[in-house]
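K.L.:
I need the structure of the sequence given here:
(chains A and B, ligands or ions: 2)
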Amino acid sequence: MAEYKGIVVYGELTDGKLASITTELLGCGRNLADQLKEDLSCLLASDAVGEASKEAIAFGADKVYVVEDPALKDYQSDSYIQVAEKLARDISPRAILMGQTSMGRDIAARLAFRLGVGLSTDCLDLGIDPESKLLLQTRSVYGGNAQATFSCEVMPQIVTIRPKAMTPIERDESRKGEIIATKVEIDMSKVRTKIIEKVREEVAGVKLEDASVIVSGGRGLGGPEPFNTTLKELADVLHGAVGATRPPADNGWVPEAVHIGLTGKIVAPEVYIAIAISGASQHIAGCSGSKNIIAINKDSEANIFREAKFGVVGRYEEVVPAFTRKLRELLAG
Amino acid sequence: MAQVNMIVCCKQVPDPEAPPAVFKVDTAANKMTLPPDVKPVISPYDENAMEAALRIKDKAGGKITVLSLGNQLVRDVIKKPLSVGGDELVLLEDAAFEEGDSWSTACALAAAIKKIGEYDLIFCGRQAADWDAGQVGLGIAEILGIPSITIARKVEVTDGKATIERVIPDGYEVVEMEFPALITVTSELGDLRYAALKGIMAAAKKQPIIWKPADIGLDPGQVGATGRRTKLHRLFQPVKEAKCEIIEGETPAEAGANLATRLRQAKIM
Ligand SMILES: Cc1cc2nc3c(=O)[nH]c(=O)nc-3n(C[C@H](O)[C@H](O)[C@H](O)COP(=O)(O)OP(=O)(O)OC[C@H]3O[C@@H](n4cnc5c(N)ncnc54)[C@H](O)[C@@H]3O)c2cc1C
Ligand SMILES: Nc1ncnc2c1ncn2[C@@H]1O[C@H](COP(=O)(O)O)[C@@H](O)[C@H]1O
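P.N.:
Ligands and ions are numbered 1, 2, ... in the order given. Next up is the predicted model:
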């Protein structure tokens, strides 16, 4: 039987660069690998990996397995799984870390079932049991109303980790590491899906993930209008982005891309202004990392006031325009 | 167009949209406890999955088999998919199925699907609203050796294949996949339609098919708690220390302006 050793991060690229989730996974993986006194590796698979492999080393990897193949240009589970499976079998890691991202949500369970092992998705914290050396995998359950810690004795242990739950280590270009070009024959006859087209629903202005201020609206806004007027005006004053809970996205009031929460985007801005949002656990799961949550809601009993630092009880139609006006004045003065 | 044989996996869960304050963990038993007025429901994304199947049945015709695993499933709840147009209900219902994890659940559901036999498309929710794992659908697809598309917001079928709009971070992609295949569905697809009275009455009369582990060729030790791959150590609720400062004013507008002043003073803006 193989000896399972080391931690491997299954990385991702966005627009050809190392994705921020991957730097977070490397930060977490570095810490675990140091505790275990083992290696941290990183898999990068794409049509062109470029400088991202060096970046992975600067962010903590000891080894980077680079798989380049035109078939990996667009993510599809049937092609990526071949690479994911091959590497797992070849290097027999103790643990595989992936992001709870579009790709991670799609491939981690396939890989776990293929290898016959357990999986914890959407982890918030990872520790090591001092005796068994097993990973203690803590994840959010019941929509964020509780957390649970799991372990799995069958190797490799596989987890996906929530974006922004982990901190990258300081980027250090002088770090040494090994880049290992790796060939995986991708059997195209096993790729049973075909991407016909990709449609980008671009959102104008500041990107949600990068914004330091987010003005977010809920079902209480009643329609698309206030997102484009009242909320947009406030966001503009603060150079922030507009976000939303799930109902506005489901109803088509806003693009799906601005939906925040357990099943939407995970954000952690300096300031998160929640307007006409009740504060359901599944929504809070996506914004609880914010430094300051500010709530405006007409219902003083709304759960959002249990999450917020500051709040106003009142109808947004009256509260928000006056808030925006005063802020503009204060910021100008 | 040829008729489409579909299987929809529906899980019964405690109402996930009950107020957060009613969710209480019994730490000794490592179990979630909820007051009796929190009613069980079909996990919301599974309702979206059912709606996806119904829309295909509307257009192409075909059969929808609803499959659910649990113990002591509430008939009024679990029969809902029948009342809106589901044709058959198969329940994997036995004490042995309790306390499973994604692994044991997917293995049992896949075994049941093999027994059901004929299918073109299997639908699951993107994740169940109790443990939020988002694994079981992919596990079933892997065990059955069929392709899958996750997080679908639209599904259409034409002769032997499905065309799916899959949600991706900044938009969506259109993907084609041949039968048989598995699709997991997200809320944007749309809510499950309402049942007509006639449908409710027909569903009330229909008897579910009930299978025990042996009926799907599994040993009781392979299902539920004993078939798990993962071990639950601890279920808990982190304490929240946040305290909200409510900003007042003579009028709501004044409160809004005062909020701006307070945030500026606190150097938050
Ligand atoms: C498995 C699962 C996953 C989910 N994932 C997500 C997710 O990722 N993101 C997400 O957001 N939700 C998610 N949900 C849904 C979530 O449970 C809630 O239903 C949703 O977040 C509620 O959105 P809301 O606060 O906008 O609406 P509501 O709960 O309807 O709240 C509206 C609020 O607006 C207030 N209001 C109304 N009118 C006014 C006014 N004029 N002025 C001021 N206030 C007003 C009301 O007092 C109320 O508090 C998920 C649910 C499930 C089951
Ligand atoms: N006990 C169950 N009975 C029927 N379907 C289930 C069950 N558990 C999970 N599923 C299906 O698998 C999906 C994902 O579940 P999970 O991996 O538990 O989040 C659900 O949305 C259901 O469609």
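
K.L.:
Go ahead and flag the most central residue of chain A.
P.N.:
Nearest to the centroid of the C-alpha atoms of chain A, with distances taken as Cα atoms, centre = their mean, sits residue A:163, at 2.6 Å.

K.L.:
sec struct for residue A:126, please.
P.N.:
strand (DSSP: H, G, I helix; E, B strand; the rest coil).

K.L.:
Isn't it up against residue A:28?
P.N.:
Yes. Applying Cβ atoms under 8 Å, one finds residue A:126 in contact with residue A:28, separated by 6.2 Å. In this view, the C-beta of every residue, glycine as well, is placed from N, C-alpha and C.

K.L.:
Report the set of residues contacting both of those two.
P.N.:
The contact sets of residue A:126 and residue A:28 overlap at A:97, A:161 (Cβ atoms under 8 Å, 6 or more residues apart in numbering or on different chains).

K.L.:
For the stretch 1-150 of chain B, which segments are assigned as helices?
P.N.:
Under the criterion DSSP state H, counting those that start in this stretch, helices of the stretch 1-150 of chain B are mapped to B:44-60, B:75-78, B:80-83, B:102-116, B:136-144.

K.L.:
Quick one: list the elements packing against the longest one.
P.N.:
Counting contacts by 3 or more Cβ pairs under 8 Å, 6 or more residues apart in numbering or on different chains; DSSP states H and E, helix B:44-60 is packed against strand B:4-9, strand B:62-70, strand B:121-125, strand B:148-158, strand B:181-185.

K.L.:
need these in a markdown table with distance to residue A:69, can you?
P.N.:
Formatted as a markdown table, these follow (distance: least, Cβ to Cβ, whole Å):
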| stretch | distance to residue A:69 |
| --- | --- |
| strand B:4-9 | 34 |
| strand B:62-70 | 38 |
| strand B:121-125 | 30 |
| strand B:148-158 | 22 |
| strand B:181-185 | 24 |
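
K.L.:
Let me know which of those strands is the nearest to chain A.
P.N.:
With Cβ to the nearest Cβ as the measure, strand B:148-158 is the member of the helices and strands packed on helix B:44-60 nearest chain A (4.9 Å).

K.L.:
Give me the angle between that closest one and helix B:44-60.
P.N.:
Here strand B:148-158 runs at an angle of 20 degrees relative to helix B:44-60 (axes from the mean of the first three to the mean of the last three Cα atoms, to 10 degrees).

K.L.:
Contacts for strand B:148-158, please.
P.N.:
A:77, A:102, A:105-106, A:110, A:193, A:256, B:1, B:4, B:52, B:55-56, B:59-60, B:120-121, B:126, B:134, B:137-138, B:141, B:162-167, B:172, B:175, B:177, B:181-186, B:188-189.

K.L.:
any idea how far ligand 1 is from the closest residue to residue A:38 other than its chain neighbours?
P.N.:
Of all residues not flanking residue A:38 in the chain, residue A:6 sits nearest, at 4.7 Å (Cβ to Cβ, 6 or more residues apart in numbering or on different chains). Remark: distance between residue A:6 and ligand 1 (Cβ to the nearest ligand atom, to the nearest Å) = 34 Å.

K.L.:
what does the stretch 51-200 of chain A have sitting close to ligand 1?
P.N.:
For the stretch 51-200 of chain A, the residues in contact with ligand 1 (Cβ under 6 Å from any ligand atom) are residue A:143.
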